[in-house]
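Participant: okay, here's the prediction I keep looking at, along with the sequence it came from:
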Amino acid sequence: MRNALTSNNRPADSSQAVSISLYSPLLRGVFLLALSAMACADANMPQERTLMLAAASTIDALEAAVKDFESKTGIGVDVSFGPTSTIARQIEQGAPADLLLSANGSWADYVDDRLAVARRVTLVSNQLIVVEPVTNQLKNETIPSLREFFSDPQLRFAIADPNSVPAGIYARQALEASGFWESIEPQLVPTVDVRAALALVSRGEVDGGFVYVTDVARNSDVTYVGPIDPMLHDVIEYPLLLLDETAGEAAELFKFLISDRGRKHFLDRGFTDPYQ
């Protein structure tokens, strides 16, 4: 019977066979070279960075805190800012975020109800105020009271979307509680988030706007008109959510932000301690 592994009808000559074992110098050298190449490839691959989604009103404070954290730990962090309603829905739809900083408790609840959130802490609080363009003040047109301000049918006011964005929701609650909502609603100019509302006031495109006190700390284009009574709306809180406890670097960022050093970046920019 012909041997399928031979040619010329001759059996294979075992004395001429070449055998290379794992212990041969040749194969060992190739194996070690391959391992070295794999190690170099791993070292050159971009490292995964922690991804955080955060409310637009936290831009200044959170950017400073993240810069401090990166300097302290060497861990890379990417932050995407936007309306809380938008980023909460992005997380629900599968955005690969490790942490969320929400501008109110309801949207934090929305995420918490849909995901197995690892940890949640209220990081800071804020205050809602009314501002007007600084040009109004220079023209001696400042309004003596919020009631008079809201009663003028010729004025237009910027407001973050009052149906979904926290700053707008708080403003609507206050206007409804004080009996102004129905009369002032036609004069409102909704925006995508609170920073967009601030921008309209800064450019003088509206007569006033509802923003957080932290939004105007470093803005010289607007002037303070008055505070919104915090008893007229829900408590303004910023819950910080760690979405995946297995992401060790994200957990490190979470611990840093709730530490005294992390919170200080927020307190220095006008946010308040929710526990005092």
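Facilitator: Perfect, I can see it now.
Participant: check contacts around the spatially most central residue of the chain.
Facilitator: Centroid-nearest residue in the chain, with Cα atoms, centre = their mean: Ala54, separated by 1.6 Å. Taking Cβ atoms under 8 Å, 6 or more residues apart in numbering, we find Ala54 in contact with Leu62, Val79, Ser80, Phe81, Ile87, Leu100, Leu101. For every residue, glycine as well, the C-beta is placed using N, CA and C.
Participant: helix/strand/coil for Val225?
Facilitator: strand (DSSP: H, G, I helix; E, B strand; the rest coil).
Participant: any idea of the pLDDT on the nearest residue to it once chain neighbours are set aside?
Facilitator: In space, and not counting its chain neighbours, Val225 is closest to Val130: 4.4 Å by Cβ to Cβ, 6 or more residues apart in numbering. Val130 carries a pLDDT value of 95.
Participant: how many neighbouring residues does Val130 have?
Facilitator: By other Cβ atoms under 10 Å, 21 other residues sit near Val130.
Participant: now swap in Ala64 and tell me
Facilitator: Neighbours of Ala64 (other Cβ under 10 Å): 15.
Participant: contact partners for it?
Facilitator: His265, Arg269.
Participant: repeat that for Phe266.
Facilitator: Thr58, Ala61, Leu62, Ala65, Leu123, Val124.
Participant: did I read that right, the residue nearest to Val225 in a strand?
Facilitator: Yes: Val130 forms part of a strand when assessed by three-state DSSP.
Participant: for the nearest residue to Gly262 once chain neighbours are set aside, give me its contacts.
Facilitator: Spatial nearest neighbour of Gly262, excluding adjacent residues (Cβ to Cβ, 6+ apart): Phe256 at 4.7 Å. With contacts defined as Cβ under 8 Å, 6+ apart, Phe256 is in contact with Ala65, Phe69, Lys72, Thr73, Gly262.
Participant: Phe180 too?
Facilitator: Phe150.
Participant: same question, the one 4 residues further on
Facilitator: With contact set as Cβ under 8 Å, 6+ apart, Ile184 has these partners: Phe150, Phe157, Leu175.
Participant: gap between Arg89 and Lys67?
Facilitator: 28 Å (Cβ to Cβ, to the nearest Å).
Participant: who has more neighbours out of those two?
Facilitator: Higher neighbour count among Arg89 and Lys67: Arg89, with 15 against 12, using other Cβ under 10 Å.
Participant: need the pLDDT of that one.
Facilitator: 96.
Participant: tabulate the contacts of Phe256 (JSON lines), appending pLDDT and neighbour count.
Facilitator: Output for those, formatted as JSON lines (pLDDT from 0 to 100; neighbours: other Cβ atoms under 10 Å):
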{"residue": "Ala65", "pLDDT": "98", "neighbour count": "25"}
{"residue": "Phe69", "pLDDT": "98", "neighbour count": "22"}
{"residue": "Lys72", "pLDDT": "97", "neighbour count": "12"}
{"residue": "Thr73", "pLDDT": "97", "neighbour count": "13"}
{"residue": "Gly262", "pLDDT": "98", "neighbour count": "22"}
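Participant: in strands, which of those appear?
Facilitator: The strands in this structure, assigned by DSSP state E, contain none of those.
Participant: how about the contacts of Ile184 in TSV, adding neighbour count and secondary structure?
Facilitator: Output for these, formatted as TSV (neighbours: other Cβ atoms under 10 Å; DSSP: H, G, I helix; E, B strand; the rest coil):
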residue	neighbour count	secondary structure
Phe150	21	helix
Phe157	22	strand
Leu175	24	helix
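Participant: which among those gets closest to Arg49?
Facilitator: Checking the contacts of Ile184 against Arg49 with Cβ to Cβ, the nearest one is Phe157 at 39.3 Å.
Participant: which residues sit in contact with the nearest residue to that closest one once chain neighbours are set aside?
Facilitator: Take Phe157 and drop its neighbours on the chain: the residue closest to it by Cβ to Cβ, 6+ apart is Gly208, 4.8 Å away. By Cβ under 8 Å, 6+ apart, the residues touching Gly208 are Val130, Val131, Glu132, Ile143, Phe149, Leu155, Arg156, Phe157, Ala158, Val201, Val225.
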